[in-house]
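Chemist: need a 3D model of the following:
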Amino acid sequence: MTSYKVLIVDDDSNICNLLRIYLEKEGFETVTAEDGEKALRLFESTNPDLILLDIMLPKLDGWQVCREIRKSSQCPIIMITAKDETFDKVLGLELGADDYIVKPFETKEVVARVRAVLRRTATPDSSSVKEVRYDNLVINLTNYELKVKGEFISTPPKELELLYHLASNPNQMFSRDQLLDEVWGFDYCGESRTIDVHIKRIREKIDGASDKWELRTVWARGYKFVTLE
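Modeler: Numbering: from 1, shown residues only. Model (predicted):
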């Protein structure tokens with residue numbers, strides 16, 4: 001059985017210890033950090049499978065840590081916030097977080113969310129390459145690569161997953177709430193503005209690449225990837 005390693009980042013030692021105890025009881029390995037700078041050092045040295053990342057941290061806050069990690073890694077990140085505010089949730093998702101948890105939380109919920117995120121982000125079997133191809137467009141979710149007009153384009157994981165989901169279901173309209181649920185993998189109760197932000201960034205990368213497909217907005221409804229042949 002695979003033993004996953006979780007990096008727990010929180011400046012409250014009681015929370016760190018509580019999460020460590022429960023996760024280790026469930027068979028996970030853990031390492032802990034009390035500030036953002038130590039979190040980045042441990043991320044580099046321990047290569048965790050998932051990060052539980054508090055927002056309010058000394059030295060570097062959770063947003064800064066998330067940004068730095070996303071420059072080089074797709075390691076799953078679950079943000080932990082003491083504020084049940086839409087802004088925090090949207091910003092976390094836009095920065096590439098995979099889920100969020102609001103304090104105070106139940107430890108059982110944390111363990112369940114950790115398991116759920118690890119299932120969603122597990123490396124696919126080498127025999128099943130997840131890739132879709134269109135004229136001048138290749139979206140490879142196995143290697144997390146986007147190729148437009150023969151050129152590899154650096155793309156954050158969630159943008160690539162969103163584009164892959166739409167392109168894998170051509171001509172099908174998805175509402176913003178559907179996309180949050182199906183791409184991020186959980187019910188989201190706040191604004192869905194994060195989808196619009198991701199779509200805007202995707203369009204900057206792919207618009208004009210071909211006249212045989214397009215990423216289309218369905219007014220007041222959502223988005224779809226349309227084939228024009």
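
Chemist: can you list the low-confidence ranges for the chain?
Modeler: Scanning the chain for pLDDT under 70 picks out 1-2, 83-90, 92, 123-128, 186-192, 229.

Chemist: so which residue is smack in the middle of it?
Modeler: residue 98 (3.4 Å; Cα atoms, centre = their mean).

Chemist: now the helices: where do they sit in the protein?
Modeler: 13-25, 36-46, 62-70, 86-94, 107-121, 157-167, 176-179, 193-206 (DSSP state H).

Chemist: could I get those helices as JSON lines with distance to residue 7 and mean neighbour count?
Modeler: Glycine gets a C-beta too; all of them are placed from N, C-alpha and C. Listed next are the helices of the chain as JSON lines, based on distance: least, Cβ to Cβ, whole Å; neighbours: other Cβ atoms under 10 Å:
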{"stretch": "helix 13-25", "distance to residue 7": "11", "mean neighbour count": "15"}
{"stretch": "helix 36-46", "distance to residue 7": "6", "mean neighbour count": "17"}
{"stretch": "helix 62-70", "distance to residue 7": "10", "mean neighbour count": "20"}
{"stretch": "helix 86-94", "distance to residue 7": "16", "mean neighbour count": "19"}
{"stretch": "helix 107-121", "distance to residue 7": "11", "mean neighbour count": "16"}
{"stretch": "helix 157-167", "distance to residue 7": "17", "mean neighbour count": "22"}
{"stretch": "helix 176-179", "distance to residue 7": "28", "mean neighbour count": "18"}
{"stretch": "helix 193-206", "distance to residue 7": "24", "mean neighbour count": "17"}
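
Chemist: of all those, which one is nearest residue 226?
Modeler: helix 157-167 (9.6 Å; Cβ to Cβ).

Chemist: helices and strands around the closest one, which ones?
Modeler: Helices and strands touching helix 157-167, by 3 or more Cβ pairs under 8 Å, 6 or more residues apart in numbering; DSSP states H and E, are strand 131-134, strand 137-140, strand 145-148, helix 176-179, helix 193-206, strand 222-227.

Chemist: switch to 6 Å and redo it
Modeler: strand 137-140, helix 193-206 (3 or more Cβ pairs under 6 Å, 6 or more residues apart in numbering; DSSP states H and E).

Chemist: now these in CSV, with distance to residue 57?
Modeler: CSV is the format used below for the helices and strands packed on helix 157-167 (distance: least, Cβ to Cβ, whole Å):
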stretch, distance to residue 57
strand 137-140, 34
helix 193-206, 22
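
Chemist: how about these, which one is nearest residue 32?
Modeler: The nearest among these, by Cβ to Cβ, is helix 193-206 at 29.0 Å.

Chemist: chain center to that closest one, what's the gap?
Modeler: Put simply, helix 193-206 sits 15 Å off its chain's centre (Cα atoms, centre = their mean, to the nearest Å).

Chemist: and residue 11, what does it touch?
Modeler: 34, 57, 58 (Cβ atoms under 6 Å, 6 or more residues apart in numbering).
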